[in-house]
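Colleague: take a look and give me a structure for this.
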Amino acid sequence: MVMKCLYIIYQLIVAFPICLVLTILTAIVTIVGCRFGNGNFWGYYPGKLWSQLMCYVLLLPVKVSGHENIDRNQSYVFVANHQGSFDIFLIYGFLDRNFKWMMKKSLRKIPFVGKACESAGFIFVDKSGPRKVHETIERAFHVLQDGTSLVVFPEGARSFTGHMGFFRKGAFQLADELQLPVVPLTIHGSFQILPRTGKLLSWHPMKLTIHKPIFPKCKGMDNIKELMNESYKTIESGLPDEYKGKVDNPDQ
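Modeller: Here you go, the predicted model:
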């Protein structure tokens, strides 16, 4: 209890002001760098460093396994479970692979961060109508065809319970259309740090498990279903027993 109180005080007095400054500086560097320099470099490396520093400043231990499973010369569609807000720092900072995010349109409204994400070429998912959804998919196609990887949370929203909800098929459709391998990522620990309904952080280690790629075996709906099912099972296999088992989120 004493340690928890001390960690809350540390957050409020030390960590949060530092994290705020880091976020604003990173956003400015990303926006300016992408405008006047190489977008692939400035759209990734400032964010990677920012994510690592956020974890270090907040004293959050990170463990990563499975880097040997991915080839730096191959494009992938990375799919991960979505336990909480710190999933972003864990993947961005420690996946060690240049990629673009596919993210909710509402994140564009976050001051500084939204503009930086737009400048970096991240893909905002617009579900306001069939035409907008089609435009989002077309944008993702172009990103992947340029040899870049993509990271998607196929649940579409953070978990309320730490368990996974059901997967949407968009990311797997992209992988099927371009015949790209899907790499499942298991995230554990971020739910304990900041659950969706939480306000202050709790100290807890985070772990990112990079599983072996799942290569397409054919093309079409059968391949999409197989990619979805195998990815779900693989991601779930990396979770502790207490977080295994599907629990639908009300906003899915």
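Colleague: torsion angles phi and psi at the residue located most distally from the centre of the chain?
Modeller: Distance from the centre of the chain peaks at V2, with 32.6 Å (C-alpha atoms, centre = their mean). When read as degrees, to the nearest 10, the backbone of V2 gives phi -60, psi -40.
Colleague: against I9, how distant is it?
Modeller: To I9, V2 is 11 Å away according to C-beta to C-beta, to the nearest Å. The way it works is simple: take the backbone N, C-alpha and C, and place the C-beta from them, glycine included.
Colleague: and for T197?
Modeller: From T197 across to I9, the span is 22 Å (C-beta to C-beta).
Colleague: looking at those two, which is more packed in?
Modeller: More crowded of T197 and I9, by other C-beta atoms under 10 Å: I9, with 11 against 7.
Colleague: now do the same contact list for that one.
Modeller: I9 makes contact with no residue, according to C-beta atoms under 8 Å, 6 or more residues apart in numbering.
Colleague: my read is it is in a strand, agree?
Modeller: No - according to DSSP: H, G, I helix; E, B strand; the rest coil, I9 belongs to no strand; its state is helix.
Colleague: in what helix or strand does I137 lie?
Modeller: In this structure, I137 is located in helix 130-145 according to DSSP states H and E.
Colleague: please point out which parts of that helix sit buried.
Modeller: Neighbour counts over helix 130-145 (16 or more other C-beta atoms under 10 Å) mark 136-137, 139-140, 143-144 as buried.
Colleague: same deal with stretch 44-62?
Modeller: For stretch 44-62, by 16+ other C-beta under 10 Å, it's 44, 46-48, 50-55, 57-58, 60, 62.
Colleague: ditto for stretch 13-24
Modeller: Buried residues in stretch 13-24 (16+ other C-beta under 10 Å): 15, 19, 22-23.
Colleague: just the residues you listed: which are in strands?
Modeller: Among those, no member is found in strands (DSSP state E).
Colleague: okay, H211: pLDDT?
Modeller: For H211, the pLDDT comes out at 98.
Colleague: how deep is it tucked in, by neighbour count?
Modeller: H211: 22 surrounding residues under other C-beta under 10 Å.
Colleague: model confidence over stretch 179-191, on average?
Modeller: Here the average pLDDT along stretch 179-191 is 96.
Colleague: what's across from the nearest residue to S65 once chain neighbours are set aside in the sheet?
Modeller: The shortest distance from S65 to any non-neighbouring residue, by C-beta to C-beta, 6 or more residues apart in numbering, is to T209 (5.4 Å). Beta-bridge partners for T209, by DSSP bridges, are S65, T186.
Colleague: list the contacts for T209?
Modeller: Contact analysis of T209 by C-beta under 8 Å, 6+ apart lists 64-66, 185-186, 188, 238.
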